[in-house]
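Novice: Show me the folded form of this:
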Amino acid sequence: QSQLVESGGGLVQPGGSLKLSCAASRFTLDYYSIAWFRQAPGKEREGVSCISRFGGSTNYADSVKGRFTISRDNDKNTVYLQMNSLKPEDTAVYYCAARAAGCTWPRTRPADFDSWGQGTQVTVSS
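Specialist: All right, here's what the predicted structure looks like:
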């Protein structure tokens with residue numbers, strides 16, 4: 001059973017917004033750097049954003065910079081990804097992942113992360 005649970009995906013029109021959530025059930029997220037990855041059909045999993053542990057510096061892929069915002073709510077033990085001005089090319093399965101180290105952005109790799117959620121589908125289409 002995944003220790004991280006994503007929610008908030010869905011179908012949205014281009015230009016619309018969605019807010020993804022990543023909740024942890026068995027550990028305190030503030031002790032971990034949390035990244036959002038996405039994977040579209042036929043493509044490799046790519047890093048979208050990462051928020052560092054203990055202070056929460058944030059990092060973004062160039063393709064989402066200025067449109068997506070990552071944040072954490074320690075009281076709710078949840079990390080969010082607010083996605084605005086969505087484009088069809090944002091369509092993918094979005095995963096959150098945790099590691100007990102820094103983000104090492106932009107060299108962040110899926111293999112560096114220990115815990116993963118099951119993914120949530122985001123579809124941007126008219």
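
Novice: Quick check: which element contains the residue nearest to the spatial centre of the chain?
Specialist: In the chain, the C-alpha nearest the mean C-alpha coordinate belongs to Trp36, at 2.2 Å (Cα atoms, centre = their mean). Using DSSP states H and E, Trp36 falls within strand 33-39.

Novice: do Val122 as well
Specialist: strand 120-124.

Novice: In CSV, list the C-alpha atoms belonging to that strand.
Specialist: The C-alpha trace of strand 120-124 is given here as CSV (Å, rounded to 0.1, in the frame of the first residue of the first chain):
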residue,chain,number,x,y,z
THR,A,120,-3.7,10.8,-10.5
GLN,A,121,-4.7,11.5,-14.1
VAL,A,122,-4.8,15.0,-15.3
THR,A,123,-6.4,15.5,-18.7
VAL,A,124,-6.4,19.0,-20.4
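
Novice: hmm, back to that, isn't the residue nearest to the centre of the chain right next to Ser49, touching?
Specialist: Yes - counting by Cβ atoms under 8 Å, Ser49 is a contact partner of Trp36 at 4.9 Å. Where you see a C-beta, it was placed from the backbone N, CA and C, and this is true even at glycine.

Novice: Now for these two: what residues contact both?
Specialist: Shared contacts of Trp36 and Ser49, defined by Cβ atoms under 8 Å, 6 or more residues apart in numbering, are found at Ile70, Leu81.

Novice: so what's the residue nearest to Gly16 when sequence neighbours are not counted up against?
Specialist: Closest residue in space to Gly16, ignoring its immediate chain neighbours: Leu86 at 5.4 Å, by Cβ to Cβ, 6 or more residues apart in numbering. Contacts for Leu86 (Cβ under 8 Å, 6+ apart) come out as Val12, Pro14, Gly15, Gly16, Ser17, Leu18, Arg67, Val122, Val124.

Novice: tell me which element Leu86 falls in.
Specialist: Here Leu86 is assigned to no helix or strand, by DSSP H and E.
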